[in-house]
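K.L.:
no sequence on this one, just coordinates:
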């Protein structure tokens, strides 16, 4: 498809992998991709199977733009779009739609996060091709749903309706989007067989996107159109200003949940959004004692009489556990984190406390 | 007392504070003394209240001799005695007795470990003066016993007999030395009121020491006499050879337990031999949640919802605990240790496993 462009959203702050992830090195820069590359690098490499380099766009923030150099080697510098400030995903999608629309009015956009773990790459490419075909009707917003393998409470769900048509058994209408559920609800979702994990990956034509904005969020549409005009005119200050007028929302919330024609394609992929340290078990298979080791840059671990622990070590250092159980232990150059696995989702409390104490250097 | 010399035994390997302590930086070099100085430095400073610098001797091994420079600033280099190899304390005491004896045949020696925590210094000085007076009779071996404050199983005990004489209510004959007891026995010891912790500090005249060797370990006496002759003749190779002929024993075992005339002086001191990380509570008072923080060189801690933990951090790094309980967490430049407090005495298992795996660089 000559009009398919990929937009990688790479501006996340990634506090959930603190202290491995930092304001200046968010999760997508952690070496959690296949072969020890960063998640961003793995995401770019995956997309290279789908479109040529000149149709890969990255939206990030000024702080991280400097970090991109290595991961984005070979990409054109003008494909890196800078968000003026963190305003959630809707303004970023609008920015990409405007920049790409100024060059390719008939573009179809595949929008995806930089920090997910997806395998195998070939299945991902095949899936997005299929999504792009569906989106080619210029009316349908296409999402991708992952068949749940457990009652996860950390993901949003998509409740599926009837099949889109007889020719596409894997594509369904979306009945509704469901927020991250509690455990009981998650169990119902999984048991129902009608709910999929929301992968956060979308494909839509620019036309369908603008139409959905008109229905779901006219303010977002207005900002997008101003950005488009500014991009066409090469008026960078106007573009920056218009970006700041886009409402601070996620794209899911701004348009997807209200759009009339949304399809979900069932994705038979290994997928994980790696939302917290325990999810590293999806990347680094646990050993016989249930321990997960995420080691890079010379990091080593010695696990003595220990079980069901997660160890993440970077740089030439050793993490030794003796008699430890169900712990997360993270060691990087200037910081160490130790917490029970059950508390691994609560890292914001630590980050907040550090900020209040004036220890911002560790954030 | 013009003939009192202090001998500081500073050759310990200190695996019990791994990874803070290493083969090349044993426990006595850790910043666990008052005011953040090393234990060795604190020991030397304490002894400076007792004798002038030229009568302070340090016995150490070749590897650590280089580390001494800072701690021993102001001491004469020829007061540092090198043990050829680690052979426990008896050969070290013999070496010191020979070297000092060559200069001062009538010396009284105070022998003490480099890595204990003792306060206040003035009480220590007063105590050793009293011990030196008792030892001045040239017959009595003097030890010091600490009134036990808990049924510790990590210390040896001294069972006391009748008072030495009416003038010295704090000095008793030693009935017997007791090995590190199990908990039930330790409780009996404490309840009896007749047992003191063996402080590992001794005072004796060179004459009484040699006499005790003649009774307890003639082989040790022979090696000591050969070392003395070599020291008098300035024959370093002969001295080194004689050192290697001294039996590989502790001085307690070699002579104290068999000597006919041993006195113990009751020491009203704060004393701890800092045998493992939980003993850091004696150095750094626990906070309201029972957490102990041993931080140096810019180390920081953030303890969130955590209790009864021991944190030791060195260098510009942060240790963050979230929801942790009863853990020991140690972070130094190249290594991190996490273990339950209850396992803190079992570090040898980790060290052994690292050695077997070829990770000697971390030992």
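P.N.:
Nice, thanks for sending it over. Quick caveat, the model's predicted, so the values are computed rather than measured. Numbering: from 1, shown residues only, chains lettered A, B, ... in the order given.

K.L.:
Could you use CA atoms for every contact and neighbour count after this?
P.N.:
OK.

K.L.:
What residues does residue A:261 make contact with?
P.N.:
By Cα atoms under 8 Å, 6 or more residues apart in numbering or on different chains, the residues touching residue A:261 are A:139-141, A:173.

K.L.:
That one and residue A:209, how far apart?
P.N.:
11 Å (Cα to Cα, to the nearest Å).

K.L.:
what do these two both touch?
P.N.:
residue A:141.

K.L.:
Now name the helix or strand holding residue A:145.
P.N.:
strand A:141-146 (DSSP states H and E).

K.L.:
swap in residue A:328?
P.N.:
Per DSSP H and E: strand A:327-332 holds residue A:328.

K.L.:
likewise residue A:7?
P.N.:
Assigned by DSSP H and E, residue A:7 falls in strand A:4-9.

K.L.:
Quick one: neighbours of residue A:336, just the number.
P.N.:
26 (other Cα atoms under 10 Å in any protein chain shown).

K.L.:
Now do the contacts for the closest residue in space to it that isn't next to it in sequence.
P.N.:
In space, and not counting its chain neighbours, residue A:336 is closest to residue B:319: 4.7 Å by Cα to Cα, 6 or more residues apart in numbering or on different chains. By Cα under 8 Å, 6+ apart, the contact list for residue B:319 reads A:335-338, B:299-302, B:311, B:313, B:331.

K.L.:
Provide a list of residues in contact with residue A:299.
P.N.:
By Cα under 8 Å, 6+ apart, the contact set of residue A:299 is A:313-319.

K.L.:
Of the residues you listed, just the buried ones, ChimeraX syntax please.
P.N.:
Here is the ChimeraX command that selects the buried residues among the contacts of residue A:299 (16 or more other Cα atoms under 10 Å in any protein chain shown):
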select /A:313,314,316,317,318,319
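
K.L.:
Quick one: the contacts of residue A:299 as CSV, columns for secondary structure and pLDDT too.
P.N.:
Output for the contacts of residue A:299, formatted as CSV (DSSP: H, G, I helix; E, B strand; the rest coil; pLDDT from 0 to 100):
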residue, secondary structure, pLDDT
A:313, strand, 96
A:314, strand, 93
A:315, coil, 93
A:316, coil, 95
A:317, coil, 96
A:318, strand, 98
A:319, strand, 98
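
K.L.:
secondary structure class for the residue in the stretch 101-250 of chain A that chain B sits nearest to?
P.N.:
Residue of the stretch 101-250 of chain A nearest chain B, by Cα to the nearest Cα: residue A:154 (19.8 Å). Here residue A:154 is coil, with the state taken from DSSP: H, G, I helix; E, B strand; the rest coil.

K.L.:
thought it was touching residue A:275?
P.N.:
Yes - between residue A:154 and residue A:275 there is a contact under Cα atoms under 8 Å: 7.3 Å.

K.L.:
Quick check: residues of chain A near chain B?
P.N.:
Chain A has residues A:302, A:304, A:316-324, A:331, A:333-340, A:343, A:347, A:349-350, A:354, A:362 near chain B, with proximity defined as Cα under 8 Å from any Cα of the partner chain.

K.L.:
Report the buried members of the residues you listed.
P.N.:
By 16+ other Cα under 10 Å, those give A:302, A:304, A:316-324, A:331, A:333-340, A:347, A:350, A:354, A:362 as buried.

K.L.:
Poorly predicted segments of the stretch 1-150 of chain A, please.
P.N.:
Counting by pLDDT under 70, the stretch 1-150 of chain A contains no low-confidence range.

K.L.:
give me the residue from it nearest chain B.
P.N.:
residue A:19 (9.0 Å).

K.L.:
Could I get the full set of strands for the stretch 51-200 of chain A?
P.N.:
With DSSP state E, counting those that start in this stretch, the ranges of strands along the stretch 51-200 of chain A come out as A:56-60, A:80-82, A:108-113, A:117-119, A:141-146, A:157-163, A:171-178, A:195-205.

K.L.:
Including mean neighbour count and distance to residue A:95, could these go into a markdown table?
P.N.:
Shown next, in a markdown table, are the strands of the stretch 51-200 of chain A (neighbours: other Cα atoms under 10 Å in any protein chain shown; distance: least, Cα to Cα, whole Å):
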| stretch | mean neighbour count | distance to residue A:95 |
| --- | --- | --- |
| strand A:56-60 | 25 | 8 |
| strand A:80-82 | 21 | 8 |
| strand A:108-113 | 24 | 12 |
| strand A:117-119 | 20 | 25 |
| strand A:141-146 | 26 | 18 |
| strand A:157-163 | 20 | 26 |
| strand A:171-178 | 21 | 24 |
| strand A:195-205 | 25 | 15 |
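
K.L.:
OK, contacts around the residue of the stretch 101-250 of chain A closest to chain B?
P.N.:
Residue A:154 touches A:180-181, A:275, counting by Cα under 8 Å, 6+ apart.
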